[in-house]
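*Asks:* All I have is the shape, not the residue letters:
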RNA sequence: GUCCCCAUCGUCUAGUCAGGUCAAGGACACGGGCCUUUCACGCCCGCGACACCGGUUCAAAUCCGGUUGGGGACGCCA
């Protein structure tokens, strides 16, 4: 182990949806480890899911990562010696490597349809097995497989897992972890659309980009043996694996947007300082080893060590984040704080976004701040009397159920005024409730007021995270109403 | 269900690797008080945890085993 290679780590977000606090968390650890060891921090965009990946999301991720202050050394927007840094631009590479696997017998084509896979999966569950795919197409003769591929029959490429023995690896935080090979199914490496899955792409890219330490969330630990088998199939040296504990909701489940605001943008919107966010993330699952709780990025890097990581999944406690933010605000010099205020709440961008909504509703500039409070308040008070008074045909409990279901279904709706309007109107029809009654409930839940700019424009401006959070808060309050 | 990971106050954590200095320390939240024209801030006090059962040892929060509990994974998503 004397051939010390220069440390290279990466953060590899998938550009689907809003930039996530988990990305910043894993990013912070990677960043700190790189800085601590004089290494490079790489940003790689994992956009192999062409159904869900969007350029807007990618741009938002870059923006959010920069906002918190985790600047990368190599990435899609700034290049580097190991590009391209966007997986959708590396298709040739993956195809080439798939060919290697096919040739050396480590992978095989699978012609099963999604329907067939569904029933196989169901059967496996019934047999109380952990395994997914049962290996049906693995038994097809190579000549026949080749013929069917050449004939253009739709297929995926699967990894041929060893059938016996076990595969293990050393996790830097947990030690030896190993799995019986017969527990692991033949993972799809390349989809029928010709794009690789995460498993193939991340192994190929990590190797080609000379990543030395794969530092990622614990949700990946179960697929690591598949990756190890891939490294072996290619004849490559695997990197060091480090699986970080998962951030949690209050109920300890994996952090999710329905139970907790997870969008970095949300915290930016309510006026969390980026250094507070980083400070807070830095105290989840890691401590400086003394009583310091308020620290900056440099101090964190200074003290960072895998030996100081604790493995219990930390709850993302917004109250503590708020406290930390308050401490930093109070510590800040007045001119600095004043300019921060202008940069965030009164930025050109923020004000321009809100002005169209309230311009015709004010007669003096002084009325502006009051009109926009609900865009930036984390804990918006909801006047329950007002809300309950608006209920004509439903009880508070019924409205709670209605709103909860509404939040759930809203997940799949593009968060813009028109689609939201279409969705909510349809929802009223489906639930056979007067538009006015539901809309007023939503309006009060989301803004705390009866009189606001048009609901859907307001919702769009508020953003998904805030709307979801408020609606769910209202659901809880409605449940408690006693008539 | 199967496999894997984890386990100190309600929450974030120190202590665990190198057992004794821990009748377990700090912070958030919560309760009370002080300060104060109010509210906050600040300060003080309080509440509050080694999941359980065995084993090893002179000695276990710390090591070992089991149980329980929690979480994750089991997608042509990452």
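*Replies:* Everything's here; your move. Everything quoted here is computed from the prediction, not taken from an experiment. Numbering: from 1, shown residues only, chains lettered A, B, ... in the order given.

*Asks:* Against residue A:126, how distant is residue A:391?
*Replies:* According to C-beta to C-beta, to the nearest Å, residue A:391 and residue A:126 sit 45 Å apart. For every residue, glycine as well, the C-beta is placed using N, CA and C.

*Asks:* Neighbour count: these two, which is higher?
*Replies:* When residue A:391 is set against residue A:126 and neighbours are counted by other C-beta atoms under 10 Å, the residue ahead is residue A:391, at 17 against 8.

*Asks:* Now do the same contact list for the more buried one.
*Replies:* Counting by C-beta atoms under 8 Å, 6 or more residues apart in numbering, residue A:391 makes contact with A:399, A:437, A:441.

*Asks:* same thing with residue A:68?
*Replies:* Counting by C-beta under 8 Å, 6+ apart, residue A:68 has contacts A:24, A:27-28, A:264, A:274, A:277-278.

*Asks:* that older thread, just checking, which of the contacts of residue A:391 belong to helices?
*Replies:* A:399, A:437, A:441 (DSSP state H).

*Asks:* And the first one, how close does it get to RNA strand B?
*Replies:* Right, residue A:399. 28 Å (C-beta to the nearest atom of the strand, to the nearest Å).

*Asks:* ok, back up a step: now render the contacts of residue A:391 as a markdown table, adding pLDDT.
*Replies:* Listed next are the contacts of residue A:391 as a markdown table, based on pLDDT from 0 to 100:
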| residue | pLDDT |
| --- | --- |
| A:399 | 94 |
| A:437 | 94 |
| A:441 | 95 |
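
*Asks:* Of those residues, which is the most crowded?
*Replies:* residue A:399 (27 neighbours).

*Asks:* I figured that residue hits residue A:477, correct?
*Replies:* No. Counting by C-beta atoms under 8 Å, residue A:399 stays clear of residue A:477, with 10.5 Å between them.

*Asks:* Buried residues, the strand or helix carrying residue A:115. List them.
*Replies:* Secondary structure from DSSP states H and E places residue A:115 in helix A:114-126. The neighbour-count check on helix A:114-126 (16 or more other C-beta atoms under 10 Å) flags A:117, A:120, A:124 as buried.

*Asks:* Equivalent analysis for stretch A:410-428, please.
*Replies:* Buried, per 16+ other C-beta under 10 Å, within stretch A:410-428: A:410, A:415, A:417, A:420-421, A:423-424, A:427-428.

*Asks:* can you check stretch A:27-38 too?
*Replies:* Result for stretch A:27-38 [16+ other C-beta under 10 Å]: buried residues A:27-35, A:37.

*Asks:* Same question for stretch A:121-140.
*Replies:* For stretch A:121-140, a neighbour-count test (16+ other C-beta under 10 Å) marks A:124, A:131, A:133-135, A:137-138, A:140 as buried.

*Asks:* if we can go back for a sec, mean confidence score for the helix holding residue A:115?
*Replies:* The average pLDDT for helix A:114-126 rounds to 83.

*Asks:* so, in contact with RNA strand B or not, it?
*Replies:* Yes. Using C-beta under 7 Å from any atom of the strand, helix A:114-126 reaches RNA strand B at A:114, A:117, A:121, A:125.

*Asks:* Was I right to think residue A:205 contacts residue A:84?
*Replies:* No. Using C-beta under 8 Å, residue A:205 makes no contact with residue A:84, being 10.0 Å away.

*Asks:* Which neighbours do these two have in common?
*Replies:* Residues touching both residue A:205 and residue A:84 (C-beta under 8 Å, 6+ apart) are residue A:90.

*Asks:* So for these two, which sits in the more crowded spot?
*Replies:* Neighbour count, other C-beta under 10 Å: between residue A:205 and residue A:84, residue A:205 has more, with 23 against 15.

*Asks:* That one: which element?
*Replies:* Using DSSP H and E, residue A:205 falls in helix A:198-208.

*Asks:* Can you name the residues in contact with that helix?
*Replies:* Identification of contacts with helix A:198-208 by C-beta under 8 Å, 6+ apart yields A:10, A:12, A:44, A:46, A:48, A:82, A:87, A:90, A:93-94, A:97-98, A:159, A:187-190, A:196, A:211, A:214, A:223, A:226-227, A:230-231, A:234, A:236, A:239.

*Asks:* residues in contact with residue A:116?
*Replies:* residue A:136.

*Asks:* hmm, try it at 10 Å
*Replies:* Residues in contact with residue A:116 (C-beta atoms under 10 Å, 6 or more residues apart in numbering) are A:110, A:136-137.

*Asks:* Take the contacts of helix A:198-208 and keep only those in strands.
*Replies:* Mapping the contacts of helix A:198-208 onto strands (DSSP state E) picks out A:10, A:159, A:188-190, A:214.

*Asks:* Could you dump the residues of helix A:114-126 next to RNA strand B into JSON lines and include distance to residue A:341?
*Replies:* Formatted as JSON lines, the residues of helix A:114-126 next to RNA strand B follow (distance: C-beta to C-beta, whole Å):
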{"residue": "A:114", "distance to residue A:341": "52"}
{"residue": "A:117", "distance to residue A:341": "54"}
{"residue": "A:121", "distance to residue A:341": "53"}
{"residue": "A:125", "distance to residue A:341": "54"}
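
*Asks:* Tell me the one of those residues nearest residue A:374?
*Replies:* Ranked by distance to residue A:374 (C-beta to C-beta), the residues of helix A:114-126 next to RNA strand B are led by residue A:114 at 43.7 Å.

*Asks:* so that closest one makes contact with residue A:191?
*Replies:* No. Look at residue A:114 against residue A:191 with C-beta atoms under 10 Å: they stay out of range, at 11.0 Å.

*Asks:* before we move on, the earlier item: please narrow the buried residues of stretch A:410-428 to those residing in helices.
*Replies:* Reading helices off these with DSSP H, I get A:410, A:417, A:420-421, A:423-424, A:427-428.

*Asks:* tell me which of the buried residues of stretch A:27-38 is nearest to RNA strand B?
*Replies:* Proximity of these to RNA strand B (C-beta to the nearest atom of the strand) peaks at residue A:29, which lies at 11.8 Å.

*Asks:* Output the ones in helices among the contacts of residue A:391 as JSON lines; include the columns distance to residue A:324.
*Replies:* Formatted as JSON lines, those follow (distance: C-beta to C-beta, whole Å):
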{"residue": "A:399", "distance to residue A:324": "36"}
{"residue": "A:437", "distance to residue A:324": "41"}
{"residue": "A:441", "distance to residue A:324": "34"}
